[in-house]
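**Student:** Attaching a predicted model along with its sequence, questions to come.
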Amino acid sequence: MKNKTVLITGASRGIGAAAAREFASLGANVMLAARTEAAIKEIADEINLSGGKAAAVACDVSDHAQVKAMVAACVSTFGGLDVLINNAGALEPIEHLNGSDVDAWVKVIDINVNGVYYGIREALPHMKKGGTILTIGSGAATNALEAWSAYCASKAAVHHLNKCLDKEERENGIRALVLSPGTVATEMQMAIKDSGINPVSQLDWSVHIPAEWPAKTLAWMCTADADDWLGETVSLRDDVIRKRVGLI
């Protein structure tokens, strides 16, 4: 990854922040993007002070114009784009379909589906010599869960979007993969637990993996060792994957 440029959305916390630190430690130029500029600037400053190369750009991925500006800022700052990580995502509100908040439901789709599409669309013109596009998926894409209708539907959509991307662009050198990380010890899991709805909220906190695990897996997914999964989903619940990454 040395001197490669990696753009990470939703980089202010959780998997995104951990990924920024991981890729920077491998010598990559890292562009952090999130709605909260202060948070990503703090992480970028931390990386730069430790000898890495990082920059930050505010972006709401549900807004196409902002995503276009985000990619342009990345290319302008570092001279190109080699890896896009579509990490930004939303789950709440956790609520049943009957009486659900329409605007909130649509917002989840705008972030989780349209945001990924916008990122792919704007990144591809800058990857004429090839590149890697990684998207954070979920087991919820194939397992329906009570009160998670928008999240489940959105993750199912991006799993298929990844397959479409692979079919269209693999011959042009684009490596497209989805990471299904399992349950991760992040703020999202705290909201899930507080909801008390469906089996995921009942899981003990000790079973959630640290954000550093998916971060290391994302870095591994950028290597040829992950080529067997091109166009497919890499599940971090799979011991085979964990061994390949070096987590166990």
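**Tutor:** Sure thing, it's come through.

**Student:** pretty sure Asn3 is in a strand, no?
**Tutor:** No. Counting by DSSP: H, G, I helix; E, B strand; the rest coil, Asn3 is not found in a strand; it is coil.

**Student:** neighbours around it, how many?
**Tutor:** By other Cβ atoms under 10 Å, the residues close to Asn3 number 12. Every C-beta, even on glycine, is put in place using the N, C-alpha and C of the backbone.

**Student:** isn't it right next to Leu26, touching?
**Tutor:** No. Asn3 is beyond contact range of Leu26, at 10.3 Å (criterion: Cβ atoms under 8 Å).

**Student:** Tell me, how many residues neighbour Ile133?
**Tutor:** Neighbours of Ile133 under the rule other Cβ under 10 Å: 25.

**Student:** how near is it to Asp82?
**Tutor:** Between Ile133 and Asp82 the computed distance is 10 Å (Cβ to Cβ, to the nearest Å).

**Student:** Pull up the overlap in contacts between the two.
**Tutor:** Shared contacts of Ile133 and Asp82 (Cβ atoms under 8 Å, 6 or more residues apart in numbering): Met127.

**Student:** Name the helix or strand for Val6, please.
**Tutor:** strand 5-9 (DSSP states H and E).

**Student:** What's the first helix or strand after that strand?
**Tutor:** Counting by DSSP H and E, what follows strand 5-9 is helix 14-25.

**Student:** what packs against that following helix?
**Tutor:** In this structure, helix 14-25 makes packing contacts with strand 5-9, strand 29-34, helix 37-49, strand 53-58, strand 83-86, helix 212-221, judged by 3 or more Cβ pairs under 8 Å, 6 or more residues apart in numbering; DSSP states H and E.

**Student:** Centre-most residue in the protein?
**Tutor:** Asn87 (1.8 Å; Cα atoms, centre = their mean).

**Student:** Please tell me how far that one sits from Glu232.
**Tutor:** Asn87 is 18 Å from Glu232, by Cβ to Cβ.

**Student:** do the same with Arg21
**Tutor:** 27 Å.

**Student:** Kindly report the same for Ser201.
**Tutor:** 29 Å.

**Student:** Same check on Met221?
**Tutor:** According to Cβ to Cβ, Met221 stands 11 Å off from Glu232.

**Student:** shared neighbours of those two, which are they?
**Tutor:** Overlap of the contact sets of Met221 and Glu232 (by Cβ under 8 Å, 6+ apart) consists of Leu177.

**Student:** who has more neighbours, these two?
**Tutor:** Shown here are Met221 and Glu232; by other Cβ under 10 Å, Met221 has more neighbours (24 against 15).

**Student:** Now do the same contact list for that one.
**Tutor:** By Cβ under 8 Å, 6+ apart, Met221 lies in contact with Thr132, Leu134, Leu177, Leu179, Trp229, Val234.

**Student:** Go again with 6 Å.
**Tutor:** With contacts defined as Cβ atoms under 6 Å, 6 or more residues apart in numbering, the neighbours of Met221 are Leu134, Leu177.

**Student:** Show me what Leu32 is bridged to.
**Tutor:** Beta-bridge pairing for Leu32 (DSSP bridges): Ile8, Ala56.
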